[in-house]
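Undergrad: Show me the folded form of this:
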Amino acid sequence: MRIVNFYARRTLVFQRMRSSKFLVYLVHHADFTDGWSLIQRFTFQSFIVMLLGTASIGWWVGEKIKTNVIKESAAATALYMDTFVAPNVQELAKSKSITAEHAQALDNLFSENNLGQRTVSVKIWSKDHYIIYSNIPSLVGLTFPNTEDQADSWHGKVTGEISSLQEAENIEERRLSADPLLEIYSPVQLNDTNQIIAVAEFYQKVDTLEAEIAKAQKRGWLIVGATMTTMYLFLIGFVRWAGNRIGQQELELKNQVTQLTQLLSHNKELARRVRLAAANTAALNESLLRRTSAELHDGPVQEISLALLRLDRAIDQNETCRLVNPNSRCNDNLPIVQTALQTALQKMRAIAAGLGLPQLDGLTLSEVFFRVVRSHEQRTGTKSTLIISNLPDQSTLPIKITAYRFIQEALNNAYRHAGGAAQQVRVKCKTNQIQIEVSDNGPGFDVTRPIEWEEHIGLAGIRERVESMGGLFRIESKINEGTKVIAILFLQNSGEYANG
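TA: Residues are numbered from 1 along each chain as shown. Prediction:
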């Protein structure tokens, strides 16, 4: 019987490990490490892997040691025995039995010396699978089935294993020994040839051999255990060092993220304050313009009006003077002064009206757009188309002021440069933003060329007004294809400012 196949044994061991209560416990309770740190989980899991690996490798090394010790012992025993057995069985090359003299010599060999004391039984097999000689006389002449080890020996191989004595031929061995025995098959050759004339089978006690195997396996286990423990300690040390380094870097990164978050929050606050300041500035500017408009109307305009009234009286007196004295020139320049004052008064009233905004607080967005478009039509005598879609009813005062001034200035430019041809105001709202487009069908210009903003003070002003509110401003135009001025105002920014 050959030594049990190593791989089959290994498979059996792993099957037992998988079915063991310990592994079942680990599988069902593996979630107890959820609260552990990464290093703690790695230390525990690698310890389990190290134990399993040490057990597997140690078992494998032990089996290899056991196999090698058995092979070495079998080879040494076979060589030693061959020096005594072979000379006494040479006649088997021509005969099917050995002489009584040679049989007695073999009996003496296995009964008198130390080798005989350790040898439980000896069998010499013929090619016909029956026992030619045995130190147990009852076995001589018996026939047993051929075994794999015996067949290998007939091909010149020496085989050995610790037998559990379960074969049919082990009847006497089971009677003589309750313990397993070292079973050795050795070919017997004809002198000076390679011809195998018989196969010798020996059964020896394994007490000494088992002690040697246990000692060698213990040494192997110690080496494997020390090696795996050293590797485990080095690995854990490296992982802990790497974990501490990663922890430090993670802490530094968190600190940097915290600082960046604080800076971002600070920048957002600054941006909010800038937008609030811009909105408040717009409201203050409109208040200042309204006050300036009122002061122009109540001050210089009233004075000029009074001067015109007095001038009318002077002109009447001048007419009386001419009737009395036709040859007298009687203040001929008075009509000229009257005309100049009237013209100046009209312009100052127009300036005052343009500087002041109507009260927008109580108006909806739609009403604001209608008001500015109708005011432009009345002032210029032109027609403008207003298209509104998806517009909310209410917004903050800065948004209303900015939209009003944008449309007012854009329509003024359309009237000034395009003669008011096909003036159109299109307003639409989507995703919390208002897009306002003011277009005309005038001569247009090349937007790829730099714009001389000094020549377009009004456009520059509304551009700054829109961008100060966090909005977007752009101009689209082509020669002979008209001009379109676009502003986008964001409603989410406007919620930070108070009305009025």
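Undergrad: Tell me which stretches of the chain form helices.
TA: Using DSSP state H, the helices of the chain run over 6-18, 21-28, 38-85, 100-112, 114-118, 148-154, 171-176, 207-298, 300-324, 334-355, 365-380, 397-418, 457-468, 491-494.
Undergrad: Redo the ones you listed as JSON lines? Include mean neighbour count and distance to residue 389.
TA: Using the backbone N, CA and C atoms, a C-beta is placed for each residue, glycine as well. Compiled in JSON lines, these are given as follows (neighbours: other C-beta atoms under 10 Å; distance: least, C-beta to C-beta, whole Å):
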{"stretch": "helix 6-18", "mean neighbour count": "11", "distance to residue 389": "71"}
{"stretch": "helix 21-28", "mean neighbour count": "10", "distance to residue 389": "65"}
{"stretch": "helix 38-85", "mean neighbour count": "16", "distance to residue 389": "57"}
{"stretch": "helix 100-112", "mean neighbour count": "15", "distance to residue 389": "117"}
{"stretch": "helix 114-118", "mean neighbour count": "13", "distance to residue 389": "111"}
{"stretch": "helix 148-154", "mean neighbour count": "17", "distance to residue 389": "96"}
{"stretch": "helix 171-176", "mean neighbour count": "15", "distance to residue 389": "106"}
{"stretch": "helix 207-298", "mean neighbour count": "13", "distance to residue 389": "26"}
{"stretch": "helix 300-324", "mean neighbour count": "13", "distance to residue 389": "41"}
{"stretch": "helix 334-355", "mean neighbour count": "14", "distance to residue 389": "29"}
{"stretch": "helix 365-380", "mean neighbour count": "17", "distance to residue 389": "11"}
{"stretch": "helix 397-418", "mean neighbour count": "22", "distance to residue 389": "15"}
{"stretch": "helix 457-468", "mean neighbour count": "17", "distance to residue 389": "20"}
{"stretch": "helix 491-494", "mean neighbour count": "18", "distance to residue 389": "15"}
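Undergrad: could you redo these as JSON lines and give each row mean pLDDT and distance to residue 450?
TA: As requested, the helices of the chain are exported to JSON lines (pLDDT from 0 to 100; distance: least, C-beta to C-beta, whole Å):
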{"stretch": "helix 6-18", "mean pLDDT": "50", "distance to residue 450": "80"}
{"stretch": "helix 21-28", "mean pLDDT": "52", "distance to residue 450": "75"}
{"stretch": "helix 38-85", "mean pLDDT": "79", "distance to residue 450": "60"}
{"stretch": "helix 100-112", "mean pLDDT": "80", "distance to residue 450": "120"}
{"stretch": "helix 114-118", "mean pLDDT": "66", "distance to residue 450": "113"}
{"stretch": "helix 148-154", "mean pLDDT": "87", "distance to residue 450": "101"}
{"stretch": "helix 171-176", "mean pLDDT": "84", "distance to residue 450": "113"}
{"stretch": "helix 207-298", "mean pLDDT": "78", "distance to residue 450": "26"}
{"stretch": "helix 300-324", "mean pLDDT": "70", "distance to residue 450": "39"}
{"stretch": "helix 334-355", "mean pLDDT": "67", "distance to residue 450": "29"}
{"stretch": "helix 365-380", "mean pLDDT": "89", "distance to residue 450": "29"}
{"stretch": "helix 397-418", "mean pLDDT": "88", "distance to residue 450": "18"}
{"stretch": "helix 457-468", "mean pLDDT": "78", "distance to residue 450": "13"}
{"stretch": "helix 491-494", "mean pLDDT": "61", "distance to residue 450": "30"}
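Undergrad: Any chance of those in TSV with distance to residue 448 as columns?
TA: As requested, these are exported to TSV (distance: least, C-beta to C-beta, whole Å):
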stretch	distance to residue 448
helix 6-18	77
helix 21-28	72
helix 38-85	59
helix 100-112	117
helix 114-118	110
helix 148-154	97
helix 171-176	110
helix 207-298	30
helix 300-324	45
helix 334-355	32
helix 365-380	29
helix 397-418	18
helix 457-468	17
helix 491-494	31
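Undergrad: Please read off the pLDDT at the closest residue to residue 434 other than its chain neighbours from the model.
TA: What sits nearest to residue 434 in space, not counting adjacent residues and going by C-beta to C-beta, 6 or more residues apart in numbering, is residue 489, at 4.8 Å. Among the per-residue scores, residue 489 shows a pLDDT of 91.
Undergrad: now swap in residue 123 and tell me
TA: Value listed for residue 123 in the pLDDT field: 87.
Undergrad: got the contact list for residue 426?
TA: Taking C-beta atoms under 8 Å, 6 or more residues apart in numbering as the contact definition, residue 426 lies against 387, 436, 437, 439.
Undergrad: and which of those residues is nearest residue 145?
TA: residue 437 (105.8 Å; C-beta to C-beta).
Undergrad: Distance of the nearest residue to that closest one once chain neighbours are set aside relative to residue 412?
TA: Nearest residue to residue 437, sequence neighbours excluded (C-beta to C-beta, 6+ apart): residue 426, at 4.5 Å. Distance, residue 426 to residue 412, by C-beta to C-beta, to the nearest Å: 18 Å.
Undergrad: Residue 481 now?
TA: Counting by C-beta to C-beta, the separation of residue 481 from residue 412 is 21 Å.
Undergrad: got the contact list for residue 235?
TA: Under the criterion of C-beta under 8 Å, 6+ apart, the contact list for residue 235 reads residue 46.
Undergrad: sorry, back to before: give me the neighbour count for the residue nearest to residue 434.
TA: Around residue 489 sit 23 other residues, with neighbours defined as other C-beta atoms under 10 Å.
Undergrad: My read is that it contacts residue 399, right?
TA: Yes - with contacts defined as C-beta atoms under 8 Å, residue 489 counts as touching residue 399 at a distance of 5.7 Å.
Undergrad: Touching both of the two, which residues are there?
TA: Shared between the contact lists of residue 489 and residue 399 (criterion: C-beta under 8 Å, 6+ apart) are residues 434, 469.
Undergrad: ok, the residue nearest the centre of the chain - contacts?
TA: The residue lying closest to the centre of the chain (C-alpha atoms, centre = their mean) is residue 250, at 16.1 Å. Contact partners of residue 250, counting by C-beta under 8 Å, 6+ apart, are absent.
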